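> how does the following fold in three dimensions:
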Amino acid sequence: MTFADRLAAARAGRAGADDLGELANLALDAGEEEAALPLVAAAAKRSNSARLWQWTGLLHRALDAHSAALEAFGAAARLDPSDAGIAHGRARIAYEAGLDAVALFETAERAGPPNGDVLIGLAAARWAAGRGEEAEAALDAILAEVPQWLPGHMQLAQLRALMGRAGEATASFERALALEPASLPLWRGLLDLRLQGEDYAALADAVARAGAAGVPGAEIAGHAAIAAAELGQVDHADRLFEALPGKEMRIWRVRHLMRTRRFVQALPLVEAEIEAGGDRRSAIWPYAELLWRLTGDPRAGWLSGAAGLVRQFDLADRLPPLDQLAAHLRSLHLARGAYLDQSVRGGTQTDGPLFSRIDPVTRALRAAIVGAVETYVADLPPSDAAHPLFGERRDRRARFAGSWSVRLRGGGFHANHVHPQGWISSALYVALPDRQPDDAVDAGWLTLGEPQAALGLDVPPTRMVEPAPGRLVLFPSWLWHGTRPFGEGERLTVAFDVAPPR
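Numbers count the residues shown, from 1 in each chain. Reported below is the predicted structural model:
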């Protein structure tokens, strides 16, 4: 049955507990939580079913209503305290809500057989509670016993980076490979970690070591090609890419061709990737926009030249007092180092979904943001089914694919980047450093349209935005963006991605 059929049956009173569970499941897939929630919640209250309370909590969570989700999962846990899935869901929501969830994750760990998601959640909860060393030790001990647990390796690597010890990020992989030197999953995990960190010299070294350990060349050929291309080994990269299947690593091939100014050769690959994407969400769009600009293709104007693509909103009068908001955000910056795969240079980023927190300051912040996003979407140019921004539906509530705060120190900046998982991205300025006499005119400014430095293309920004406290900037997630370094002081921002509508 479709969601509409299930919904009609439930509204007509022809749905049992299992039917309502399926309705909730379909609603989560279709983005129809608001339609299903009243029916599922009412049935949970009538029947006192732990499973329906669990579904109620999941629907509330999808709507970023974490206080209500916690209440629902609390009811489910009281009715069935031994259910491992309920215990895990309750812990996860408490963590996202900004509460100390360590005890709840420990309960979930005891409730069922070993579960990697629970263990990773427990590590994240311990980190959030200021118990990073304990989280590190627990993950390291598990990996010593289960060396093939790849998500655990990745979590431990990120944790060590956040603790300011990025040089130790690969230690658990190296220990595991010493025991199982020909393990393809372990080598792929290590290669992916190096790739995420954009450490291409280390990636090339790991590729060579994997080959020497007996890993078949075809299994690591893609990583070898990327490393050669990003290190500027043009002829070697050409040969490696040529040997790959036609569709494999297409975006990395485009990067290589653009870096070596072979724009005409890159164009058909861009066209093929857009067509193969099958929707408006392909990760090729940043490269298409840049390539079309460089070659004078009029589609560059269609993609990134329309009015309304970039907008500013001054929200100071709608936000919590900025000094109060700044103090709150500072309290969330626990890290001593940056994520391995993020754009932050010279600063830290908060962990977990910021807008899911249930404290009053964050809820007020979120409400102001949602209002601005709704205005931005409502004012977009007419729908264009082929356009990655204008082609999405506009009758859905704002959902966030991620939300966080960044705190930069003096000299800090964001490297130019894009957000492949988002639809609309952002920068909200909360606290800014005092301007220094020797600062550049554009110190700390947001740049839009300037490509990643690693591409080696001297292409200036299409637009620059001067920061101001309380100012929110919204722009397409596929548009290159970064910041200029600033002098002394602190630059405190909130950022988020609006998810593509469903």
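> give me the below-cutoff pLDDT ranges for the protein.
Residue ranges of the chain with pLDDT under 70: 278-279.
> so where do the strands sit in it?
For the chain, the strands defined by DSSP state E cover 311-314, 344-349, 400-414, 424-431, 446-448, 463-465, 471-476, 481-483, 491-498.
> contacts only, for Gln265.
Counting by Cβ atoms under 8 Å, 6 or more residues apart in numbering, Gln265 touches Leu257. Just so you know, the C-beta spots here come from the backbone N, C-alpha and C atoms, and that holds for glycine as well.
> equivalent analysis for Ala335, please.
By Cβ under 8 Å, 6+ apart, the contact list for Ala335 reads 162-164, 348-351.
> and which of the residues you listed is nearest to Asp140?
Nearest to Asp140 among the contacts of Ala335: Met163, at 12.3 Å, using Cβ to Cβ.
> the closest one: neighbouring residues, count only.
18 (other Cβ atoms under 10 Å).
> what about the residue nearest to it when sequence neighbours are not counted, distance to Thr350?
Sequence neighbours aside, Gly132 is the residue nearest to Met163 in space, at 5.5 Å (criterion: Cβ to Cβ, 6 or more residues apart in numbering). Here Gly132 is placed at a distance of 14 Å from Thr350 (Cβ to Cβ, to the nearest Å).
> again with Glu392
Counting by Cβ to Cβ - Glu392 and Thr350 are separated by 27 Å.
> now Val254
Relative to Thr350, Val254 is positioned 33 Å away (Cβ to Cβ).
> any idea what the residue nearest the centre of the chain is bridged to?
The chain has Gly402 as the residue nearest its centroid, 5.4 Å off, counting by Cα atoms, centre = their mean. Beta-bridge partners for Gly402, by DSSP bridges, are Asp497.
> so what's it up against?
Residues counted as contacts of Gly402 (Cβ under 8 Å, 6+ apart) are 353, 419, 421-422, 496-497.
> and those, which two are furthest apart?
Across these, the longest distance by Cβ to Cβ is 14.6 Å; it joins Pro353 and His419.
> higher neighbour count, these two?
Between Pro353 and His419, counted using other Cβ under 10 Å, His419 has the larger neighbour count: 22 against 19.
> isn't that one right next to Phe475, touching?
No - His419 is beyond contact range of Phe475, at 10.1 Å (criterion: Cβ atoms under 8 Å).
> who touches both of the two?
Residues touching both His419 and Phe475 (Cβ under 8 Å, 6+ apart): Ser425.
> re the thing from before, what is the nearest of the contacts of Gly402 to Tyr376?
Taking Cβ to Cβ as the measure, Tyr376 lies nearest Phe496 of the contacts of Gly402, at 12.4 Å.
> count of residues packed around that closest one?
27.
> what's the distance between the nearest residue to it once chain neighbours are set aside and Ala76?
Ranked by Cβ to Cβ, 6+ apart and with sequence neighbours excluded, the top spatial neighbour of Phe496 is Ser403, at 3.9 Å. Distance, Ser403 to Ala76, using Cβ to Cβ: 26 Å.
> of these two, who's got more company?
Higher neighbour count among Ser403 and Ala76: Ala76, with 27 against 23, using other Cβ under 10 Å.
> now do the same contact list for the more buried one.
Counting by Cβ under 8 Å, 6+ apart, Ala76 has contacts 50-51, 53-54, 57, 83, 86, 89-90.
> against Ala10, how distant is it?
Applying Cβ to Cβ, the value for Ala76 to Ala10 is 20 Å.
> for this protein, which helix is longest?
helix 360-378 (DSSP state H).
> got the buried residues for it?
Neighbour counts using 16 or more other Cβ atoms under 10 Å place 361-362, 364-366, 368-370, 372-373, 376-377 of helix 360-378 among the buried residues.
> also stretch 35-46?
By 16+ other Cβ under 10 Å, the buried positions in stretch 35-46 come out as 35-37, 39-41, 43-44.
> so of the residues you listed, which ones are in helices?
Among these, the members found in helices (DSSP H) are 35-37, 39-41, 43-44.
> now render these as a markdown table, adding distance to Ser304.
Converted to a markdown table, those look like this (distance: Cβ to Cβ, whole Å):
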| residue | distance to Ser304 |
| --- | --- |
| Ala35 | 36 |
| Ala36 | 38 |
| Leu37 | 38 |
| Leu39 | 43 |
| Val40 | 42 |
| Ala41 | 44 |
| Ala43 | 48 |
| Ala44 | 47 |
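> let me see the contact set for the closest residue in space to Gly85 that isn't next to it in sequence.
Spatial nearest neighbour of Gly85, excluding adjacent residues (Cβ to Cβ, 6+ apart): Gln54 at 7.2 Å. Contact partners of Gln54, counting by Cβ under 8 Å, 6+ apart, are 72-73, 76, 83, 85-86, 89.
> the residues you listed in helices, which ones?
Counted as lying in helices by DSSP H, out of those, are 72-73, 76, 85-86, 89.
> nearest to Leu28 among the residues you listed?
Out of these, the member with the shortest distance to Leu28 (by Cβ to Cβ) is Gly89, at 12.6 Å.
> hmm, the closest one is touching Leu59, no?
No - counting by Cβ under 8 Å, Gly89 does not reach Leu59; the two are 11.8 Å apart.
> Gly130 versus the nearest residue to Ala97 once chain neighbours are set aside, what's the distance?
Of all residues not flanking Ala97 in the chain, His66 sits nearest, at 4.1 Å (Cβ to Cβ, 6+ apart). Separation of His66 from Gly130 (Cβ to Cβ): 21 Å.
> out of the two, which sits in the busier spot?
Between His66 and Gly130, His66 has the larger neighbour count (other Cβ under 10 Å), namely 24 against 10.
> what's the closest of the contacts of Gln54 to Gly411?
Distance to Gly411 across the contacts of Gln54 (Cβ to Cβ) is lowest for Gly89, with 42.4 Å.
> ok, that closest one - contacts?
Residues near Gly89 by Cβ under 8 Å, 6+ apart: 54, 57-58, 73, 76.
> show me which pair in the residues you listed is furthest apart.
Pairwise distances across the contacts of Gly89 (Cβ to Cβ) peak at 10.0 Å, for the pair Leu58 and Ala76.
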